[in-house]
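*Asks:* I would like the atomic coordinates for the input below:
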Amino acid sequence: MKGGFIGVDVFFVISGFLITGLLLRELEGSGTISLVRFYSRRAKRLLPLTVVVLGVVVLCSWWLFDPIRMERVSLDVVAAGLYVLNWLLAFQAANYFSAGLQASPVQHFWTLAVEEQFYLVWPMLMLTVAFCYRHSRLSLRSVLVTVLALVALLSFVYGVYATQHQAAAAYFSTFSRAWELALGGVLALAPASALRMLGSRRWTAGAVSWAGLGAILVSAYLIGDDTPYPGVAALLPTLGAAGIIIAGSAKDCPGPGSILTLKPVRHVGRISYSWYLWHWPPLVFATEIWGNLSPIEGLAVALSSYLPALVTNLLIERPFLHSPMLNRLPRRALGLGAACTACSVTMGLFLLAVTPGVSRAPHNQMTGARAILAGKPLQERADKISPTPRDATDIRSEMFVEGCLLDISSVHNPQAPKCVFGDTSSDKTVVIFGDSHAMQWFPALNQLAKEHHWRLIGHSKGGCTPAKGTIFRYSLRREYRECDQWRANTLELIAKEEHPDMVIVSSSSNYHSVIEHGERQGGKEGIEKLEAGYATTLETLKETGAEVVVIKDVPHPAKDVPECVSQSLDHLRRCATPAKKAFGSVKAPKFGTVAAHRVKGTTLIDPKSVFCSKGMCPAVIGNVLVYRSGSHITPEYMRTLTPWLDARLPSPRDSQHSP
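*Replies:* As a prediction, this is how the structure comes out:
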């Protein structure tokens, strides 16, 4: 089911219903809530098993993963142990250069993090409301329902807003998910008589129940990766779960509730927490060993995790949950929880400590592109390289550091005055224009600007093609409107204020579909639209009187290069990508090349010869690591391309607007 992830939404509604009901019964029975007992129950149920699962993940990661991935997993384990993994994943999802990271073996802990963060606040809020209720004529439940409904409304509104602006990050945010837990809480706070009234008629309750199940199943089939989510779309599965809960209050309801009473289903329910913790790590580790799994293989791996789930439920989860001593002394349970948390964090730090490193090559041993231009054979091994695989992702060019790569949500660059480099007083102006694949040429162009006394201006926006036309952005799960606005604003700025003598355009060729009249167009039709849109942009730039240069896209490696190199210094050929695959793996054709041929007078530069030789595109050339993240090139390697690029760029001609 392409929308199977909506099970998370159903889980949040159920969790909100159960935990709020538990707190409400204590509050109505005793007039207060024992926070010590509440958090001790959570600690003894969740944390002992968490330590065991995280321990197994650490051992398997140390055995299976390369040093770079070990380092990433170590941070994930620490975040999972502290129940803040959702915020780490939200940051990575919002980070343009981290969006393609491989799945973490503890990624599923994000849902537990959201749940626990909500329950860190909700009991204290209930106590505060109960204290204020003493001076109110309203019933306790009505006050609590009002407060929780307000929380749900604010969270839902924020979730819709965040999903429209950054869906990938909103997916993991507690603020955009809290309304789902609150919805379940509202159902728990509703008087039992009100729920029974909603399901007073047996067949009415049955219809509501089956409609709820239908809503969940329809969601799983209709919602997919291209659906803005959670947002408004999350209403369908959450209201479906609410419908089943409401109908369950009726006696002898002829709905799916009867299925939930079957012994096998109840058994799965009893071990659901254990099975949830165990189901994901084997999928990630199996993929590492055998490659991408088919749906049947993935299902088999998930089912095989039943065995450790059953064993740990019997030996760890139940004994701690029902321990007479821990029930009698809740503070000891809190102490146990603190010890488990400390143990989880320690294991994550231990994995980081045992992660092997790679030495950095000194400057005099870095030949870079000179090696491939001299016709030297593919580098087979290296003792030292620069940058090291561990540092590669964090090393950025000056153009990036100055804020000249706009994030996805921006349409204007407030840092524009800082995005002028080279000889800033020169009357020769050269502009870089495009996405991050244009920005990556900055290290070489900046050196040329200093040598030739150019005024170099950088304009780039993440994931935004220079081609005129609206593209679909997967991280937003909608049309990339911000790209259209930025492109139009920047082209106007170039023409009316910057008056360039040369404009260098480049972009990734990894754009697949366009939006026209509200419909996504891919395949041949979408490609033709991208080619025409790119040509339109080039023509607009030609009208400024500037020399226009298009640099073709770089190879797209088949592997995560820093990860591969970190464990293959003696076998670097393993990390090289065949040229046919590196240039043919991208589904969209080289529409920038087609556009450059269409627009007369455009200079086209093909960098293939400085990235590939004899049918292979190496990961390390002349002791320099070529790729830093995906198909993005390291600044070190780009700087070694300076003489090669200088020989191919035309001399900037005086534009008709030059002062």
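*Asks:* Excluding chain neighbours, give the residue nearest to the most centrally placed residue in the chain in space.
*Replies:* By CA atoms, centre = their mean, the chain has its centre lying nearest to A93, at 2.6 Å. Closest residue in space to A93, ignoring its immediate chain neighbours: A168 at 3.7 Å, by CB to CB, 6 or more residues apart in numbering. Glycine gets a C-beta too; all of them are placed from N, C-alpha and C.
*Asks:* Now do the strands in the stretch 551-659 of the chain.
*Replies:* 577-578, 603-605, 616-617, 620-621, 624-625, 627-629, 632-633 (DSSP state E, counting those that start in this stretch).
*Asks:* returning to that earlier point: and the residue nearest to A93, what helix or strand is that in?
*Replies:* helix 140-170 (DSSP states H and E).
*Asks:* And that helix, how far out from the chain middle?
*Replies:* 22 Å (CA atoms, centre = their mean, to the nearest Å).
*Asks:* on contacts alone, who are the packing partners of that helix?
*Replies:* Counting by 3 or more CB pairs under 8 Å, 6 or more residues apart in numbering; DSSP states H and E, the packing neighbours recorded for helix 140-170 are helix 7-30, helix 85-94, helix 109-133, helix 174-189.
*Asks:* residue ranges with poor pLDDT in the stretch 101-250 of the chain?
*Replies:* Within the stretch 101-250 of the chain, the stretches with pLDDT under 70 are 101, 191-202, 250.
*Asks:* and after the lowest-mean-pLDDT helix or strand in the chain, which helix or strand comes next?
*Replies:* One helix or strand of the chain scores below all others by mean pLDDT, DSSP states H and E: helix 192-198, with a mean of 57. Sequence-wise, the next helix or strand downstream of helix 192-198 (DSSP H and E) is helix 202-222.
*Asks:* residues in contact with the residue of the chain most remote from its centre?
*Replies:* In the chain, the residue that sits farthest from the middle, by CA atoms, centre = their mean, is R137; the gap is 47.8 Å. Contact criterion CB atoms under 8 Å, 6 or more residues apart in numbering gives no residues in contact with R137.
*Asks:* Return the most buried member of the strands of the stretch 551-659 of the chain.
*Replies:* Of the strands of the stretch 551-659 of the chain, the one with the most neighbours on average (mean count of other CB atoms under 10 Å) is strand 620-621, at a mean of 29.
*Asks:* Give me the sheet partners of it and which way each runs.
*Replies:* When pairs are called by DSSP bridges, strand 620-621 turns out to pair with strand 624-625 (antiparallel).
*Asks:* Give me the mean pLDDT for the strand it pairs with.
*Replies:* For strand 624-625, mean pLDDT rounds to 95.
*Asks:* One more: stretch 300-318?
*Replies:* In this model, stretch 300-318 has a mean pLDDT of 96.
*Asks:* can you start the count at 154 instead of 1 from here on
*Replies:* Yep, numbering from 154; the last one is stretch 453-471 now.
*Asks:* Straight-line length of it, end to end?
*Replies:* Its first and final residues considered, stretch 453-471 spans 26 Å by CA to CA, to the nearest Å.
*Asks:* So the residue farthest from the centre of the chain belongs to a strand, correct?
*Replies:* No: the assignment for R290 is coil, going by DSSP: H, G, I helix; E, B strand; the rest coil, so no strand is present there.
*Asks:* Once you drop chain neighbours, what's closest to L504?
*Replies:* Leaving aside its sequence neighbours, L504 sits nearest to S227 (CB to CB, 6+ apart; 4.0 Å).
*Asks:* list the contacts for that neighbour?
*Replies:* S227 touches V211, S214, G501, L502, L504, L505, T508, counting by CB under 8 Å, 6+ apart.
*Asks:* tell me the contacts of the closest residue to S326 other than its chain neighbours?
*Replies:* Closest residue in space to S326, ignoring its immediate chain neighbours: A243 at 5.4 Å, by CB to CB, 6+ apart. A243 makes contact with A322, A323, Y324, F325, S326 under the criterion CB under 8 Å, 6+ apart.
*Asks:* Same check on N599?
*Replies:* Here N599 is in contact with S550, E551, M552, F574, G575, L609 (criterion: CB under 8 Å, 6+ apart).
*Asks:* What about these, which are in helices?
*Replies:* Of the contacts of N599, the ones assigned to helices by DSSP state H are E551, M552.
*Asks:* which of the contacts of N599 are buried?
*Replies:* When the contacts of N599 are checked for burial by 16 or more other CB atoms under 10 Å, the buried set is S550, M552, F574, G575, L609.
*Asks:* And the pLDDT at the residue nearest to L504?
*Replies:* Listed pLDDT for S227 reads 96.
*Asks:* from the middle of its chain, how far away would the helix or strand where it lies be?
*Replies:* Here S227 sits within helix 220-234, counting by DSSP H and E. Distance of helix 220-234 from the chain centroid (CA atoms, centre = their mean) equals 16 Å.
*Asks:* tally of neighbours for D576?
*Replies:* By other CB atoms under 10 Å, 16 other residues sit near D576.
*Asks:* Now the two most distant members of the contacts of N599.
*Replies:* The distance between the two most remote of those (CB to CB) is 13.4 Å, for S550 and G575.
*Asks:* G501 is in contact with V230, isn't it?
*Replies:* Yes: G501 is in contact with V230 according to CB atoms under 8 Å; the separation is 3.4 Å.
*Asks:* Break this protein down into its domains, please.
*Replies:* Each domain of the chain is listed here as a residue range: 157-190+219-401, 516-801, per automatic domain parsing.
*Asks:* can you put the contacts of N599 in TSV and add distance to K743 and pLDDT?
*Replies:* Shown next, in TSV, are the contacts of N599 (distance: CB to CB, whole Å; pLDDT from 0 to 100):
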residue	distance to K743	pLDDT
S550	24	89
E551	29	91
M552	24	93
F574	28	95
G575	29	93
L609	26	96
